[in-house]
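> need a structure here:
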Amino acid sequence: MDNSIRLLAENNEKKILSDRACLACNSKGRVNDEEECVIRTCFQRDRDRIIHSQSFRRLKHKTQVFLAPSGDHYRTRLTHTLEVSQIARTIARALELNEDLTEAIALGHDLGHTPFGHAGERALDKLTSTGFKHYEQSVRVVEKLEKNGKGLNLTDEVRNGILCHTKGQEAYTLEGQIIRIADKIAYINHDIDDAIRAEVMAEEDIPLSLRLQLGMTKSERINNMVLDVIKTSRTNDFIRMSDDFYTGFIDLHDFMFSAVYTNPVCKGEESKAVDMLEKIYYYYIKHIEKMPGEYINIAQTDGDERAVCDYIAGMSDTYALKIFNQLFVPMFWYD
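Numbers count the residues shown, from 1 in each chain. Take a look at the predicted model:
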């Protein structure tokens, strides 16, 4: 088959997308050159590689906010990722930016997140001498850890968007900048929804002034925030909320910090999770040879701390519990 299908898609981007969009045909490319797909653009190919990766599948068993929830409807790191992707694609489409690039970054932005949410991230950051940031680990996953050390060989634009999705320098593409704001819109609203489901708070607990400004329900808030981003960013060389809406978001985040994120009901099990990861970490630092072979190889090239950190960060909540039980919980003998 010739490459006419991919070329048609690339030509359609030139016709349809804004001058501000990052076109697939103008990508900076991959670290390792490879033959182009005959059907998919480079960004569509990146999206597919992420979806089919092992680290993406593990997100279904990684905590978002609530540790080990008993209900089926609480968010996990995977459902969070899908919600970010949906919001980001909506914004990209409205601004005539590259939806494929936006989707690829969104789907990959949390691949390096630890088990047990940000509690796990803080634990590894404290344990390792080099520190730990999940967005840096997400890049490491796609560059070095996936496919038995080969990585996914993603385009530079996707890797940059993943790296810059939360803090520090902004992504150099507008599509990458969308992910930072879509991540905020997604988590603040689905965390409210989960907290209400857990009876930690009620919708009416949110200050009325914020509800009047941002929206009286989750769907209204998401819609209003997305519309504000589109309106504010349409004629600018950056992706932003308006000053008024962003101030409202910060106030809502401050409310959630006190009402939910530091609430003992939500965080009551965190100390146990942190203690568990610490024990696992110190065990493997002393017994590098007990890790799977690919991590032993990493220890030989990048050092013991890096290898143990990679192993633990890649664990799902359930796998971390399994490893802890194997290492530290006595097995009973039965007649």
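> For stretch 43-54, buried residues please.
For stretch 43-54, burial by neighbour count (16 or more other CB atoms under 10 Å) applies to Phe43, Gln44, Arg45, Asp46, Arg47, Arg49, Ile50, Ser53. Quick note: C-beta positions are derived from backbone N, CA and C, even for glycine.
> can you map out the helices along the stretch 151-300 of the chain?
With DSSP state H, counting those that start in this stretch as the criterion, the stretch 151-300 of the chain has helices at 156-163, 174-197, 208-214, 218-233, 243-256, 264-267, 270-286, 293-302.
> Return the alpha-carbon coordinates of the first one using CSV.
Listed in CSV are the C-alpha atoms of helix 156-163, where the atom choice follows Å, rounded to 0.1, in the frame of the first residue of the first chain:
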residue,chain,number,x,y,z
ASP,A,156,9.3,15.5,20.1
GLU,A,157,6.0,17.5,20.3
VAL,A,158,4.3,14.7,22.3
ARG,A,159,7.2,14.2,24.7
ASN,A,160,7.5,17.9,25.3
GLY,A,161,3.7,18.2,26.0
ILE,A,162,3.9,15.3,28.5
LEU,A,163,6.9,16.9,30.3
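> List the buried residues for it?
Across helix 156-163, burial judged by 16+ other CB under 10 Å covers Glu157, Val158, Arg159, Asn160, Gly161, Ile162, Leu163.
> hmm, back to that, looking at the helices of the stretch 151-300 of the chain, which one is packed in the most?
With neighbours defined as mean count of other CB atoms under 10 Å, these peak in mean count at helix 156-163, which reaches a mean of 25.
> Not counting that one itself, show me its contacts.
22, 27-30, 43, 46, 101, 104-105, 108-109, 111, 135-136, 138-139, 142-143, 171-173, 175-176, 179 (CB atoms under 8 Å, 6 or more residues apart in numbering).
> Quick one: neighbours of Asn325, just the number.
Look at Asn325: counted by other CB atoms under 10 Å, it has 12 neighbours.
> Could you tell me which residues within the helix or strand containing it count as buried?
Assigned by DSSP states H and E, Asn325 belongs to helix 317-328. The neighbour-count check on helix 317-328 (16+ other CB under 10 Å) flags Asp317, Ala320, Leu321, Ile323, Phe324 as buried.
> about what we covered before: among the helices of the stretch 151-300 of the chain, which comes closest to Gly120?
helix 270-286 (5.9 Å; CB to CB).
> Tell me what angle the closest one forms with helix 317-328.
Counting by axes from the mean of the first three to the mean of the last three CA atoms, to 10 degrees, helix 270-286 lies at 60 degrees to helix 317-328.
> Show me what helix 270-286 is packed up against.
Packing partners of helix 270-286 (3 or more CB pairs under 8 Å, 6 or more residues apart in numbering; DSSP states H and E): helix 117-127, helix 304-313, helix 317-328.
> contact partners of the longest one?
Same thing as helix 317-328. Helix 317-328 is contacted by residues 58, 61-63, 67-68, 115-116, 276-277, 279-280, 283, 312, 315 when judged by CB under 8 Å, 6+ apart.
> per-residue confidence for Thr41?
With respect to pLDDT, Thr41 scores 98.
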